[in-house]
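> Sequence and predicted structure, then a few things I'm wondering about:
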Amino acid sequence: MIVVVGGCGIGLSFRVREFVGAGQTITASSCTQISGGKSVNHAVGLRRLGHEVALVSAVGADDFGAVVRRTLDDPGTGQRHVRPVDSSTPILRAPQVADSGENSIIVNPGALDLVDGGFIAESAGTIREAACLVVSLEIPAAGARRALEIARAAGVLTILNPSPTPDRGAAHGLLSLADVLVVNENEALELASTEPAADRAGHQLAQAYGSRVVVTRGAAGAFVCSDDQTQLVAGVTATNVVDTSGAGDAFLCGLTAGLLAGLDLRAAAGMGCTAGALIVGGMGFVEAVDRWDDDPELARIRPRDATT
């Protein structure tokens, strides 16, 4: 079982010719409501790759929260740790998706502000029983840290996607608890702070925190960094680009499933590139994840007894 800790909610995705500028009013060509949040994407994606998943998160006790819970209505995508919160609303994600497929995202945490250390502690038994813990940071740093501490103490593989990037005060305590750190180029540069290039920043993070670090580079592939070397992973060309907002989440799913299938980190990152190249061909992550079903590369990393 994989335990996923982080954010879930509703995305209102606006299709625009180009991103809105300061003081500018523009018209979108479409607006689509999609289920999302990084951890919903991770949970649904890993389930699609054949793994049993338990998602730990919060939603509001409202219509949006009900929609999110229906998205997770799969026996293998455990939602019993996704708890409705009366005093708040679910996360709202408002991506702008340009005609080029590139995106920018605004996040309102809502109910996720309540996913603190005490909230996480209620799911400690499930975390301890996992084969792997995947954490992202659409929740408070205290909640993410508690999940990582519980998993580390139990010998569970920990994968951290520090997005949104934490402030410097929280970063050290979080990054040092990750067995594998997955960041994009901007996040790597921000967290390393002293390095001007993403590959060198990834190497610096690996040395500083004792983690294996993967720096994602979109269509250009990824860097895989340890304390003594940095390796390039070639990108996979997407046949069609509609929406890139879920590419990073897709990469993490492919990487995680690859590691659990016994691949080394570089080979697992290659599976992440394949998953990312496929997901960008559809609008939204949850809505496009069935594009993985017939891919022969991703079939290699599915558990033998997997069902979807």
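Thanks, I have it. Not measured: the values here are computed from a predicted model.

> Run through the protein and note the low-pLDDT ranges.
74-79, 86-97, 101, 103, 306-308 (pLDDT under 70).

> Show me where it has its helices.
Listed in chain order, the helices found in the chain under DSSP state H are 38-48, 63-71, 117-121, 124-128, 141-153, 168-175, 185-192, 198-209, 247-260, 265-279, 296-299.

> The first one relative to helix 265-279, how many degrees between them?
Helix 38-48 and helix 265-279 are oriented at 100 degrees to each other (axes from the mean of the first three to the mean of the last three C-alpha atoms, to 10 degrees).

> so what secondary structure elements neighbour helix 38-48?
strand 2-5, strand 53-60, helix 63-71, strand 77-78, strand 132-136, helix 247-260 (3 or more C-beta pairs under 8 Å, 6 or more residues apart in numbering; DSSP states H and E). Quick note: C-beta positions are derived from backbone N, CA and C, even for glycine.

> winner for burial among those?
strand 2-5 (a mean of 30; mean count of other C-beta atoms under 10 Å).

> Partner strands of it, with direction?
strand 53-60 (parallel), strand 132-136 (parallel) (DSSP bridges).

> Tabulate those strands in TSV, adding columns for distance to Leu252.
Listed next are the strands paired with strand 2-5 as TSV, based on distance: least, C-beta to C-beta, whole Å:
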stretch	distance to Leu252
strand 53-60	13
strand 132-136	7
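
> So what pairs up with Ser30 in the strands?
With DSSP bridges as the rule, Ser30 is bridged to Arg15.

> now for the helices of the chain, which one comes closest to Arg83?
helix 117-121 (7.7 Å; C-beta to C-beta).

> Of all the helices of the chain, which one is nearest Ile106?
Among the helices of the chain, helix 38-48 comes nearest to Ile106, with 13.9 Å by C-beta to C-beta.

> With only the CA atoms kept, save the closest one in CSV.
Coordinates of the C-alpha atoms in helix 38-48 are reproduced here as CSV (Å, rounded to 0.1, in the frame of the first residue of the first chain):
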residue,chain,number,x,y,z
LYS,A,38,-1.6,17.3,-6.0
SER,A,39,-2.4,14.5,-3.7
VAL,A,40,-5.6,13.5,-5.5
ASN,A,41,-3.6,13.3,-8.6
HIS,A,42,-1.0,11.2,-6.9
ALA,A,43,-3.6,8.9,-5.4
VAL,A,44,-5.6,8.4,-8.5
GLY,A,45,-2.5,8.0,-10.7
LEU,A,46,-0.8,5.4,-8.4
ARG,A,47,-4.1,3.5,-8.2
ARG,A,48,-4.3,3.6,-12.0
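
> From here on, call the first residue 204.
All right, first residue 204 from here; so that's helix 241-251.

> That one relative to helix 266-274, how many degrees between them?
Going by the same axes, to 10 degrees, helix 241-251 makes 20 degrees with helix 266-274.

> what angle do helix 241-251 and helix 450-463 make?
Using the same axes, to 10 degrees: helix 241-251 against helix 450-463 is 50 degrees.

> ok, and what's touching helix 241-251?
Applying C-beta atoms under 8 Å, 6 or more residues apart in numbering, the external contacts of helix 241-251 come out as 205, 207-212, 256, 258, 260, 271, 274-275, 277, 279-280, 337, 339, 341, 364, 366, 449, 452-453, 455-456, 459-460, 478, 488-489, 492-493, 495-496, 511.
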